[in-house]
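[1] My questions concern the predicted model and sequence given below.
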Amino acid sequence: MSDPEVPQHEQKSGVDDVVDSANAGLAEAEAARADQPQAAEADAADHTPADPAPADNTPVDHDAVDPDLAAFEAAERDHPGTFGGAGRAEAAPVKDESRFSRTDDATIADSAYAPPVADATETRVVPSEPYAAETVAATPAHQQPIFVQAPEPPRERGNRGTAGAIGLLATIVFAILYLGIGLGWSALRGDIAGGEVVDVVLTTLTTWAFWVPVAVFFIGFWLLGAIINRGRWGLWVVFGLLVGVVSYGGYILGQLFEAPFWLINASEATTLVGDQLFAPLAIASFVLGRELTIWFGAWVARSGARKTELNDEAQREYERTLEAGPNLSR
């Protein structure tokens with residue numbers, strides 16, 4: 001674009017000068033390019049590198065000034081605004097790719113294949129230390145705790161209940177025999193006529209003189225069975241005498257209840273007891289209590305021996321279970 005304040009012929013002459021200056025710069029650049037191959041051939045003939053690298057293998061900057069760029073820059077300085085004005089960005093310098101590439105390749109090759117520098121340190125072969133393997137403790141997996149109920153010791157089987165039940169049967173037998181002996185003694189004395197047997201039996205069953213000896217016999221038998229428990233029959237034979245004595249005392253006590261003792265004085269009670277000490281039914285109660293205890297005690301002793309065997313077997317089974325330990329199988 002032309003400036004309206006400058007004459008047209010002056011603008012034209014300025015453009016011509018710039019063009020001539022640019023052509024001159026181009027010609028000088030062509031001449032410089034033509035001289036470069038000849039210089040490279042001369043350097044190769046003398047076997048002397050044009051740009052030797054320093055001793056420490058540091059690359060040398062071989063950037064050359066481009067003649068074309070220098071010519072354009074000179075024209076821009078002489079005539080500002082001719083090639084786009086002051087706001088145009090300056091072109092980046094162009095390197096001679098051919099010469100720069102050759103130099104860099106040579107430098108890289110020299111540094112890559114240079115012999116290593118000898119180390120003054122003495123080289124020794126040292127055996128490697130044995131590898132100490134770290135002992136890792138095996139961490140057991142978290143397990144749910146298992147609670148095992150310990151077996152309970154066996155409870156011993158007692159024989160007291162059996163003694164009470166057998167004693168009840170012995171008491172029934174005692175009552176029947178005691179009643180029969182009483183009726184027989186009354187018949188011997190002539191107190192019972194032929195048709196009065198039933199009436200005498202019913203009357204006897206309603207008296208204290210009959211039921212007190214029977215009840216005392218049962219209490220004596222059961223107490224002895226509770227003491228002997230699973231004992232042998234010999235204990236019943238020996239201590240059966242005590243049951244006979246208790247039955248004898250039951251007969252005397254029955255006569256006192258029959259009086260009754262709360263309506264008589266002490267002297268009358270003493271006389272009554274003295275009269276009944278050797279009465280036939282008193283002796284019969286002692287004998288019945290003694291003999292029935294021996295024979296029914298044998299039954300109780302047999303039951304006690306059986307329960308002793310069961311207790312021993314249960315104890316052995318309990319000990320075997322403890323020795324075997326808990327069973328975790330499901």
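    Yep, it's here. Values in this document were obtained by computation on a predicted structure and should not be read as measured data. Numbers count the residues shown, from 1 in each chain.

[2] So, low pLDDT: which residues of the stretch 1-150 of the chain?
    Filtered on pLDDT under 70, the stretch 1-150 of the chain yields the residue ranges 1-16, 18-19, 34-66, 79-143, 147-148.

[3] make it 50
    Low-confidence segments of the stretch 1-150 of the chain (pLDDT under 50): 1-6, 9-10, 47-58, 60-62, 85-103, 105-109, 111-113, 125, 131, 133.

[4] which element follows the helix or strand harbouring residue 176 toward the C-terminus?
    Assigned by DSSP states H and E, residue 176 belongs to helix 160-189. Scanning forward in sequence from helix 160-189 by DSSP H and E, the next helix or strand is helix 197-204.

[5] Check which helices and strands the helix or strand just after that next one is in contact with.
    Downstream of helix 197-204, the first helix or strand assigned by DSSP H and E is helix 208-228. Judged by 3 or more C-beta pairs under 8 Å, 6 or more residues apart in numbering; DSSP states H and E, the packing partners of helix 208-228 are helix 160-189, helix 233-258, helix 280-324. From N, CA and C alone the C-beta is placed, and that goes for glycine too.

[6] Could you check how far residue 157 is from residue 300?
    Here residue 157 is placed at a distance of 14 Å from residue 300 (C-beta to C-beta, to the nearest Å).

[7] Next, the buried residues of stretch 152-170.
    Neighbour counts over stretch 152-170 (16 or more other C-beta atoms under 10 Å) mark 157, 159, 160, 162, 163, 164, 166, 167, 170 as buried.

[8] Format the residues you listed as TSV; extra columns: distance to residue 202 and pLDDT.
    Converted to TSV, these look like this (distance: C-beta to C-beta, whole Å; pLDDT from 0 to 100):
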residue	distance to residue 202	pLDDT
157	43	85
159	38	89
160	35	90
162	34	92
163	32	93
164	29	93
166	29	95
167	26	94
170	24	96
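
[9] for the residues you listed, which one is nearest residue 205?
    If you rank the buried residues of stretch 152-170 by distance to residue 205 using C-beta to C-beta, residue 170 comes first, at 18.9 Å.

[10] Spatially, what comes nearest to that closest one if we skip its sequence neighbours?
    Nearest non-adjacent residue to residue 170, counting by C-beta to C-beta, 6 or more residues apart in numbering: residue 296, 4.0 Å away.

[11] Is it correct that that neighbour is in contact with residue 218?
    No: Residue 296 lies out of contact with residue 218 (C-beta atoms under 8 Å); the separation is 11.2 Å.

[12] Spit out the residues that contact those two alike.
    Common contact partners of residue 296 and residue 218 (C-beta atoms under 8 Å, 6 or more residues apart in numbering): 167, 170.
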